[in-house]
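Q: okay, predicted coordinates and the sequence, questions at the end:
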Amino acid sequence: MSTSYPDNRPTAYVTTHAETYSLEEVVRISGLDAETLNWYERQGLIEGAAQDPYGGRAYSPVHLRWLEFLNHLRSTGMPPADMNHYVELYRAGDPTIAARRELLEAHRDLLRARSGDFAATLRYLDWKIGFYREREAVLLRSMASSAAEA
């Protein structure tokens, strides 16, 4: 579910081919495995899926939107407790819009601060990789020189 459209709508907002989705379809669309999906349900982060006529789980487009959103939060390292707090605020309705926005802003600010650390780490890794490439080139020249002398 990492694809976005030009207007930045999440992919799930335009996924309308079905009214409900099976577990297998949700796994395919979301990129999650079934265990992670079960974890989201056990944590109360998404409402439980309805049962289809055959006894399987039937997920709605709302589930897909929630999963996409939660995946973004999880991929940025938001703690499950904060994710649960956001969901509780959401379920409390419109009076919590400001609190939800503030929670997301605080998380975004944390990510922005951490992005500087990541940039410094990437620069260091680039240097280290360059160092190893240079060392490999020296070793290869040395080996080629030794082989030519033999």
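A: Arrived safely. Numbering: from 1, shown residues only.
Q: who's in contact with Ser60?
A: Contacts were defined as C-beta atoms under 8 Å, 6 or more residues apart in numbering; by that measure Ser60 touches Glu19, Thr20, Tyr21, Ala49, Ala50. Quick note: C-beta positions are derived from backbone N, CA and C, even for glycine.
Q: among these, name the buried ones.
A: Buried subset of those (neighbour count, 16 or more other C-beta atoms under 10 Å): Thr20, Tyr21, Ala49.
Q: nearest to Trp66 among these?
A: Nearest to Trp66 among the buried ones among the contacts of Ser60, counting by C-beta to C-beta, is Ala49 at 11.3 Å.
Q: gap between the closest one and Ala137?
A: In this view, Ala49 and Ala137 are 56 Å apart by C-beta to C-beta, to the nearest Å.
Q: likewise Leu45?
A: 50 Å.
Q: between these two, who's got more neighbours?
A: Legend: neighbour count by other C-beta atoms under 10 Å for Leu45 and Ala137, higher for Leu45 (19 against 10).
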